[in-house]
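K.L.:
show me the folded form of this:
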Amino acid sequence: MTATISLPPTAEADGRALSSLPVRLSLAPAGPAPALLDGAWWPRSRDLGAELPLLVAVLDPLWGRITRVTVNPTHWPVVPGKVPVAGHVVKVGWFLAEQDPHELLLLSYRVGRWNLLVVPPRTTAATAAWLMAAASDPLGTSSASRLMGEAARLQTVSEADRAVEAVWDSEGGHEARDAAARPRVFHRGPLRDARPGPGPEPVGAAEGPRPRDGERHRGPR
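P.N.:
So this is what the prediction gives:
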């Protein structure tokens with residue numbers, strides 16, 4: 001099951017209560033072997049008391065009644081001892097060294113143990129989508145922290161690429177490329193006649209015919 005992925009909390013400042021927003025959840029389908037992670041959860045805040053009841057209410061019909069949840073307190077300012085969820089109470093515990101700081105562990109009567117990657121609330125939509133897809137891979141072998149590290153690396157590479165492109169644009173890179181891609185048009189003037197024009201007049205042409213042999217040339221006296 002994959003819940004609707006909406007915008008990050010920074011773009012949802014319209015005053016709506018958390019209960020009126022969809023739970024951002026992605027679960028791995030059944031695979032040939034148990035995956036290291038069973039999916040990902042993208043809460044809108046770090047308030048476990050407000051976020052956990054919404055998550056558990058979605059998972060109860062799928063996994064059986066959730067009875068206990070554990071977290072690593074590194075990224076959770078307050079860890080309540082228990083939270084009420086739709087007619088029952090879920091106990092909440094924490095482990096510091098034993099549990100991945102980016103992972104949520106859930107226990108249920110019917111199914112057993114489930115592990116979800118917790119996507120930080122202020123993650124960008126693109127990064128969150130990548131994390132939720134990776135954590136829901138039924139053949140996935142990466143831990144929650146490893147996926148978070150890979151997502152951070154990909155984001156750094158993407159930001160560096162955008163910075164390089166911005167510098168290139170500021171130096172006229174796109175304009176130069178566009179200019180080079182334009183077809184070059186050569187303008188031609190009117191065609192000129194290639195035939196040779198009249199040459200110089202032959203010497204003596206204005207003096208009349210040449211005298212024949214034996215005749216004396218008579219010029220003006």
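
K.L.:
in this protein, where is pLDDT below threshold?
P.N.:
By pLDDT under 70, the low-scoring segments of the chain are 1-18, 31-32, 158, 160-163, 166, 168-169, 172-221.

K.L.:
now the strands for it?
P.N.:
Using DSSP state E, the strands of the chain run over 25-27, 39-41, 66-71, 82-85, 88-94, 103-108, 113-118.

K.L.:
please identify which of these is closest to A50.
P.N.:
Among the strands of the chain, the nearest to A50 by Cβ to Cβ is strand 82-85 (9.0 Å). In short, each C-beta sits where N, CA and C put it, glycine included.

K.L.:
go ahead and confirm L52 touches V85.
P.N.:
Yes: the pair L52 / V85 is scored as a contact, 7.4 Å apart, by Cβ atoms under 8 Å.

K.L.:
so which residues of this protein form helices?
P.N.:
48-63, 125-135, 144-170, 173-181 (DSSP state H).

K.L.:
export the ones you listed to TSV and tack on distance to W114 and mean neighbour count?
P.N.:
Formatted as TSV, the helices of the chain follow (distance: least, Cβ to Cβ, whole Å; neighbours: other Cβ atoms under 10 Å):
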stretch	distance to W114	mean neighbour count
helix 48-63	6	18
helix 125-135	12	19
helix 144-170	13	13
helix 173-181	49	10
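
K.L.:
want to try TSV for those, with distance to L25 as columns?
P.N.:
As requested, the helices of the chain are exported to TSV (distance: least, Cβ to Cβ, whole Å):
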stretch	distance to L25
helix 48-63	6
helix 125-135	8
helix 144-170	15
helix 173-181	41
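
K.L.:
to N72, which of the ones you listed lies closest?
P.N.:
helix 144-170 (9.7 Å).

K.L.:
for that closest one, packing partners?
P.N.:
Secondary-structure packing of helix 144-170 (3 or more Cβ pairs under 8 Å, 6 or more residues apart in numbering; DSSP states H and E): strand 113-118, helix 125-135.

K.L.:
as JSON lines, these with distance to S143 would be great.
P.N.:
What follows is the helices and strands packed on helix 144-170, written out as JSON lines (distance: least, Cβ to Cβ, whole Å):
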{"stretch": "strand 113-118", "distance to S143": "9"}
{"stretch": "helix 125-135", "distance to S143": "10"}
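
K.L.:
so which of those is nearest R24?
P.N.:
R24 lies closest, by Cβ to Cβ, to one member of the helices and strands packed on helix 144-170: helix 125-135, at 7.6 Å.

K.L.:
quick check: angle from the closest one to strand 113-118?
P.N.:
Orientation check (axes from the mean of the first three to the mean of the last three Cα atoms, to 10 degrees): helix 125-135 against strand 113-118 gives 160 degrees.
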